[in-house]
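J.: Provided below are the primary sequence and the corresponding predicted coordinates.
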Amino acid sequence: MSLTGLDRIRAVRSASGHQGRIWLFIVLALASFADTLIAQTGSQESVSQQILKLTEAMAATQAQLEQSQRQLNEMQKQLEALQRQLGQNSSIGVAPAAPASTSPALPAQDAVTELQSAVQEIRDREAMQESQIATQEQTKIESESKYPVKVTGLLLFNGFVNTRAVDNPATPVLALPGAGNTGASVRQTVLGIDARGPHLLGARSYADLRVDFDGTTQPNTTTTATTYSGPYSANSTFLRLRTAHAGLQWPRTEAYFSLDRPIFNPDTPTSLTAIAEPALAWSGNLWTWNPQLGLKQNVPLSSSHDLQLEAALVDVGDAPLTPISAPTATSPVNSPSGAERSRWPGLEAHLALVGSGLNAEQGFHVGLGGYFSPHRSYMGEKFDAWAGTVDTRLKLPARLELSSSAYRGLALGGLGGGAFKDFEYTANATTDTYYLHPLDDVGGWAQLKEKFSERVELNGAYGIDNAFGGEVRRDSVATGTLYQNLARNQTYTGNVIYKPTAYLLFSLEYRHLESSPELGATAASDVIGLGAGFKF
């Protein structure tokens with residue numbers, strides 16, 4: 001148990017008194033012992049021998065007394081030091097600091113400084129403990145399974161200026177002929193739920209999902225004077241499911257199902273103004289979110305590199321520009337996609353050399369991928385969609401990072417390529433039938449990132465999606481839409497992202513869109529975007 005300064009003084013004084021009485025008792029006992037010894041040995045030893053023994057005993061006693069005196073002197077010095085320290089502490093608490101010329105000696109200053117530092121350290125520790133206790137006392141999200149659940153999100157504001165017409169003012173990916181527009185949106189706000197579950201067969205279980213508010217708006221046909229008919233209330237499909245994952249994860253193996261981008265395009269360009277549809281979507285970034293059931297295995301090659309093998313079954317949706325049959329009394333509410341009509345799932349695979357360790361997902365990798373999916377149109381015609389891909393992410397000197405992905409394939413509209421279509425078609429108005437052929441496609445994207453610090457980064461990227469012009473031209477018509485005649489779409493983009501804290505983000509971004517149809521002039525638009533986000 002530690003003593004205060006006053007207690008220590010009293011302890012020293014008490015110790016001094018007790019030791020003095022002890023040594024006096026020792027001297028008297030020795031004298032009595034000497035008298036007894038002389039009386040008992042008088043008949044056996046000479047007087048000189050008795051005197052010698054008594055002298056030796058007295059010398060030993062004297063040495064012990066001298067040692068005790070030295071200890072008493074040392075304790076006296078400690079007592080005086082404690083008295084000075086107490087006086088200095090009292091003067092600090094009740095009087096202003098003395099001028100430098102009248103300051104105490106250096107050892108006393110050091111003692112006071114150490115005391116103040118210790119007091120401040122105790123206060124800091126108490127504040128930290130109070131904060132931790134308050135955090136533990138917060139109301140937690142409770143799930144039925146009683147396992148941890150966490151709510152995350154990004155509240156995102158976007159302002160935009162489009163110098164020419166685009167397909168979607170807030171999230172443009174295609175340039176159109178016409179005048180520009182200016183506005184703002186918060187519909188790219190994202191909400192998420194992350195959950196951790198029980199262990200099974202030595203693996204931990206997990207699940208997560210993300211939603212946003214970029215669903216298709218529908219006009220309000222019952223507008224009244226008291227009904228706001230703006231885009232934030234006049235729709236029935238406002239909330240939109242983006243991505244979802246669930247699986248079992250072992251140290252080097254993972255089994256999962258997901259709604260996410262293709263596994264052979266593991267990266268995506270960085271942007272704070274292109275969230276609803278990722279940056280360079282429909283310009284070389286195969287991004288569409290499709291259901292997948294997969295297995296991933298990491299094979300160690302060295303202390304710093306792994307070979308990653310991944311394969312998945314995938315249900316790819318139809319491209320946006322896909323003819324829909326006229327509904328009948330027996331047709332389903334939601335028509336099956338071309339991949340679902342084939343009655344065979346698609347298959348995708350990815351083989352990559354990746355960096356091992358805790359940051360493998362954000363580190364180096366070089367990969368090759370493949371995709372194959374049988375399709376069948378509602379008219380009964382069969383065709384196969386396929387793709388071969390290559391992707392990489394390299395860490396360069398001076399905090400530079402290069403990410404890229406490229407592909408060559410057929411009927412890639414359902415993955416976010418092919419100029420918005422899997423195939424070109426010609427309609428026969430007499431028989432109400434379509435004649436189609438799948439489109440060959442090639443494209444990709446690349447991004448160079450400069451991370452100046454944890455707070456500031458600069459990104460520059462380019463992407464292009466190019467359906468084969470000769471195949472598009474064969475079925476293009478002068479009266480067709482830009483989507484139907486589109487053969488090439490490319491985007492240049494650059495942005496700076498500033499993060500003053502881990503939870504606040506600001507961005508200024510520039511994009512240049514060029515959309516080239518086979519019939520007609522190329523449409524172009526410059527897009528200036530401003531983003532401000534709050535993560536939670």
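T.: Received it, and whenever you're ready, just let me know what you need. Residues are numbered from 1 along each chain as shown.

J.: Quick check, residue 257 in contact with residue 243.
T.: No - using C-beta atoms under 8 Å as the test, residue 257 is too far from residue 243 to be in contact (11.9 Å). To be clear about C-beta, it is placed using only N, CA and C from the backbone, and glycine gets the same treatment.

J.: what number of residues lie near residue 496?
T.: 16 (other C-beta atoms under 10 Å).

J.: So it sits against residue 457, correct?
T.: Yes - judged on C-beta under 8 Å, residue 496 makes contact with residue 457 at a distance of 7.4 Å.

J.: mind giving me the domain split of the chain?
T.: By the assignment in automatic domain parsing, the chain contains the domains 1-88, 150-322+336-535.

J.: So residue 419 lies in a helix, does it not?
T.: Yes - looking at residue 419 with DSSP: H, G, I helix; E, B strand; the rest coil, it is inside a helix.

J.: and the gap between it and residue 476?
T.: 11 Å (C-beta to C-beta, to the nearest Å).

J.: Which one's more surrounded, those two?
T.: The neighbour comparison of residue 419 against residue 476 (other C-beta under 10 Å) goes to residue 419, with 32 against 19.

J.: where's that one relative to residue 522, distance?
T.: For residue 419, the distance to residue 522 equals 13 Å [C-beta to C-beta].

J.: Residue 484 now?
T.: In terms of C-beta to C-beta, residue 484 sits 16 Å off from residue 522.

J.: what about the two, which has more around it?
T.: residue 484 (20 against 12).

J.: what's the helix or strand for the more buried one?
T.: Assessed by DSSP states H and E, residue 484 sits inside helix 482-485.

J.: helices and strands around that helix, which ones?
T.: Judged by 3 or more C-beta pairs under 8 Å, 6 or more residues apart in numbering; DSSP states H and E, helix 482-485 is in contact with strand 504-517.

J.: Go through the strand it packs on and flag the buried ones.
T.: 505, 507, 509, 511-517 (16 or more other C-beta atoms under 10 Å).

J.: Which single one of the residues you listed is nearest to residue 461?
T.: residue 511 (9.5 Å; C-beta to C-beta).

J.: Against residue 173, how distant is that closest one?
T.: 9 Å.

J.: Tell me where the stretch 351-500 of the chain has helices.
T.: 469-475, 482-485 (DSSP state H, counting those that start in this stretch).

J.: Show the average pLDDT along the first one.
T.: The average pLDDT within helix 469-475 is 90.

J.: Residues touching that helix, excluding its own?
T.: Residues from elsewhere that reach helix 469-475, judged by C-beta atoms under 8 Å, 6 or more residues apart in numbering: 419, 424-426, 437, 439-440, 485-488, 518-519.

J.: OK, contacts around residue 352?
T.: Counting by C-beta under 8 Å, 6+ apart, residue 352 touches 266, 307-308, 310, 365-368, 391.

J.: contacting residues around the residue nearest to residue 436 when sequence neighbours are not counted?
T.: Counting by C-beta to C-beta, 6 or more residues apart in numbering, residue 425 is the residue found nearest to residue 436 once chain neighbours are left out, at 4.0 Å. Shown in contact with residue 425 (C-beta under 8 Å, 6+ apart): 323, 434-436, 475.

J.: pLDDT weak spots in the stretch 351-500 of the chain?
T.: Scanning the stretch 351-500 of the chain for pLDDT under 70 picks out the ranges 357-362, 432.

J.: Hmm, residue 365 and residue 305 touching each other?
T.: No - using C-beta under 8 Å, residue 305 makes no contact with residue 365, being 9.6 Å away.

J.: Check whether residue 238 sits in a helix, strand or coil.
T.: Under three-state DSSP, residue 238 comes out as coil.

J.: I'd say residue 241 and residue 211 touch.
T.: Yes - using C-beta under 8 Å, residue 241 is in contact with residue 211, at 5.6 Å.

J.: Which one's more surrounded, the two?
T.: Taking neighbours as other C-beta under 10 Å, residue 241 and residue 211 compare with residue 211 leading, 18 against 12.

J.: The more buried one: helix or strand, and which one exactly?
T.: Counting by DSSP H and E, residue 211 is found in strand 203-212.

J.: Any of the contacts of helix 469-475 buried? List them.
T.: Buried members of the contacts of helix 469-475, counted by 16+ other C-beta under 10 Å: 419, 424-425, 439-440, 485-488, 518.
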